[in-house]
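# Fold the following, please.
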Amino acid sequence: MSLDESEQKIDVREGIVHSSIPADELARLSDDIISALKTVYDPEIPADIFELGLVYKIDIEDDRMVKIVMTLTAPGCPVAGEMPGWVENAVGAVEGVSGVDVSMTFDPPWTPDRMSEEAQVAVGWY
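Model prediction:
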């Protein structure tokens with residue numbers, strides 16, 4: 001079995017995914033992407049989607065394409081159709097990002113225990 005050049009190469013001995021993006025740039029991109037995600041709020045909850053635990057996965061590919069897997073607090077959320085666009089716009093504005101692909105999932109379903117302490121304080125649960 002051969003690896004396609006576009007596939008990520010994983011060093012299973014170290015558990016590290018190797019990237020052609022220099023480590024300092026990757027760290028900056030990661031921080032900036034998280035900062036961008038923290039500007040997106042669920043309009044019904046006074047906390048951002050990152051602190052709410054709605055973001056399940058962030059992948060930054062070697063071509064600087066960002067793939068985000070996220071969920072909503074409930075499948076019937078009134079902004080279900082709009083939220084992916086908000087995330088795409090926020091992350092797409094980060095310097096160095098070539099594009100954004102947002103995928104929605106409800107598996108596993110979101111539960112309040114995914115919320116950070118910051119989000120719990122914001123909603124008065126802490």
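
# quick one: the residue nearest to Met83 when sequence neighbours are not counted from Ser98, how far?
Nearest non-adjacent residue to Met83, counting by Cβ to Cβ, 6 or more residues apart in numbering: Leu72, 6.4 Å away. Using the backbone N, CA and C atoms, a C-beta is placed for each residue, glycine as well. Distance, Leu72 to Ser98, by Cβ to Cβ, to the nearest Å: 26 Å.

# still on that earlier bit, and the residue nearest to Met83, what does it touch?
Asp42, Leu54, Val79, Ala80, Met83, Met104, Phe106, Trp110 (Cβ atoms under 8 Å, 6 or more residues apart in numbering).

# Scan these and report the most crowded one.
Leu54 (25 neighbours; other Cβ atoms under 10 Å).

# hmm, who's touching the longest helix along the chain?
Longest helix in the chain by number of residues (criterion: DSSP state H): helix 23-37. Helix 23-37 has contacts (Cβ under 8 Å, 6+ apart) with 19, 21, 48-50, 55, 58, 60, 64, 66, 68, 87, 90-91, 93-97.

# Pull out the buried residues from those residues.
The neighbour count (16 or more other Cβ atoms under 10 Å) marks 21, 48-50, 55, 58, 60, 66, 68, 87, 90-91, 94, 97 as buried among the contacts of helix 23-37.

# Check the residues you listed and tell me the two furthest apart.
Ile21 and Asp48 (25.3 Å; Cβ to Cβ).

# end-to-end on stretch 72-80?
Terminal residues of stretch 72-80 lie 7 Å apart, using Cα to Cα, to the nearest Å.

# An error on my part: the question was meant for stretch 47-55.
End-to-end distance (Cα to Cα), stretch 47-55: 13 Å.

# One more: stretch 73-87?
Note: stretch 73-87 ends 15 Å apart using Cα to Cα.

# Stretch 18-27 too?
Using Cα to Cα, the two ends of stretch 18-27 sit 13 Å apart.

# distance between that stretch and the chain's centre?
17 Å (Cα atoms, centre = their mean, to the nearest Å).

# what do you get for stretch 103-118?
That offset, for stretch 103-118, works out to 12 Å (Cα atoms, centre = their mean).

# Appreciated, that's everything.
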